[in-house]
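Student: Build me a model:
(one chain, ligands or ions: 1)
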Amino acid sequence: MLVTGGNRGIGLAIAKAFAAQGDQVAVTYRSGVDGLPDDLLPVQCDVTDADAVDRAFTEVEEKHGNVAVLVSNAGITDDGLLMRMSEDSFTRVVDANLTAAYRVAKRASRGMLRAKGGRMIFVSSVVGLLGSAGQVNYAASKAGLVGLARSVARELGSRGITANVVAPGFVDTDMTRALPDARRAEIVAQVPLGRYAAVEEVASAVTWLGSAEAGYVTGAVIPVDGGLGMGH
Ligand code: NDP
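Tutor: Numbering: from 1, shown residues only. Take a look at the predicted model:
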């Protein structure tokens, strides 16, 4: 199995959870892989570069065989109010979060079609469902993942391939640690469970979607958000 952006944060927790159940796990990284556990195969790949994505899959296929489970997790934020958001900021975030998911899903589908089965899991966000002031680019990219996954689910379902979305709420990682303390407190006040998620809590939903038990689940959006997005 392959996790994009698996060198830190939620992606690393997902990779560790699959490895803990005995799977062969490859992680793509862009910046570095300091302290990566030995049982994870690191593959350098910027997901905004289609050739790099192709090379990364080829390397993983050579070392691990077909990629049966794909987790598209790599993502960025570049927050700002609509009036001040540059077109470059908008397209950069959509490219890294949404177009990249299309790139990896397309490349993964090749092997999955040959194998007559596979699992694609896209890491979206509650923000894609609720919207978020100051995150027009990010929310649009995360909402787009739902349409992408559901279309893949319809297109490839008859070939034994499932496509699902996990929509985390606020998770304690570098991404949210970058927020000002006042904003962090404001967020926690809105979450019914009254806290951030641990990365492992997102990972367990992802491993379930990748498991045999979830074989009849496709096109689903699974919230892991402490109740923040309920009803959406
Ligand atoms: P981090 O900022 O901790 O990690 C982001 C990961 O994405 C890193 O591995 C990073 O690689 C990788 N990445 C970013 N851009 C690229 C790129 N162009 N090519 C390859 N890899 C890239 O984020 P989180 O772990 O918090 O987030 C993981 C996913 O979960 C994201 O999609 C995020 O939107 C989503 N999410 C996070 C929430 C949160 O509260 N933290 C809530 C809801 C969703 P590198 O180390 O090389 O930069």
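
Student: Ala203 is in contact with Gly11, isn't it?
Tutor: No - distance between Ala203 and Gly11: 9.1 Å, which falls outside the contact criterion (CB atoms under 8 Å). C-beta: built from backbone N, CA, C; applies to glycine.

Student: And the two? Which one has more around it.
Tutor: Neighbour count, other CB atoms under 10 Å: between Ala203 and Gly11, Gly11 has more, with 27 against 24.

Student: that's a helix at that one, yeah?
Tutor: Yes - under DSSP: H, G, I helix; E, B strand; the rest coil, Gly11 sits within a helix.

Student: Which residues are in contact with it?
Tutor: Val3, Thr4, Gly5, Val27, Val71, Asn73, Ala74, Val123 (CB atoms under 8 Å, 6 or more residues apart in numbering).

Student: Could you let me know which of the residues you listed ends up closest to Gly231?
Tutor: Checking those against Gly231 with CB to CB, the nearest one is Val123 at 21.2 Å.

Student: Burial check on the closest one, number of neighbours?
Tutor: Neighbour count for Val123, taken as other CB under 10 Å: 28.

Student: That one - nearest residue in space that isn't next to it in sequence?
Tutor: Spatial nearest neighbour of Val123, excluding adjacent residues (CB to CB, 6 or more residues apart in numbering): Asn73 at 4.3 Å.

Student: In contact with the one you found, which residues?
Tutor: Contact analysis of Asn73 by CB under 8 Å, 6+ apart lists Val3, Thr4, Gly5, Gly6, Ile10, Gly11, Ile14, Val123.

Student: In contact with the third one, which residues?
Tutor: Shown in contact with Gly5 (CB under 8 Å, 6+ apart): Gly11, Val27, Thr28, Tyr29, Arg30, Val47, Asn73, Ala74, Gly75.

Student: Could you rerun that using 6 Å?
Tutor: Gly5 sits next to Gly11, Asn73, Ala74 when contact means CB atoms under 6 Å, 6 or more residues apart in numbering.

Student: again with the fourth one
Tutor: Residues near Gly6 by CB under 6 Å, 6+ apart: Leu12, Ala15, Val27.

Student: you'd agree Lys116 is up against Gly160?
Tutor: Yes - counting by CB atoms under 6 Å, Gly160 is a contact partner of Lys116 at 5.2 Å.

Student: So between those two, which is more surrounded?
Tutor: Per other CB under 10 Å, whichever of Lys116 and Gly160 has more neighbours is Gly160, with 14 against 9.

Student: quick one: the closest residue to that one other than its chain neighbours and the ligand, what's the gap?
Tutor: With CB to CB, 6+ apart as the criterion, Gly160 has its nearest non-adjacent residue at 3.7 Å, and that residue is Gly117. According to CB to the nearest ligand atom, to the nearest Å, Gly117 and the ligand sit 25 Å apart.

Student: what about Gly117, distance to Asn66?
Tutor: 10 Å (CB to CB, to the nearest Å).

Student: one step back: near the ligand, which of the contacts of Gly5 show up?
Tutor: Contacts with the ligand within the contacts of Gly5, counted by CB under 6 Å from any ligand atom: Gly11, Asn73, Ala74.
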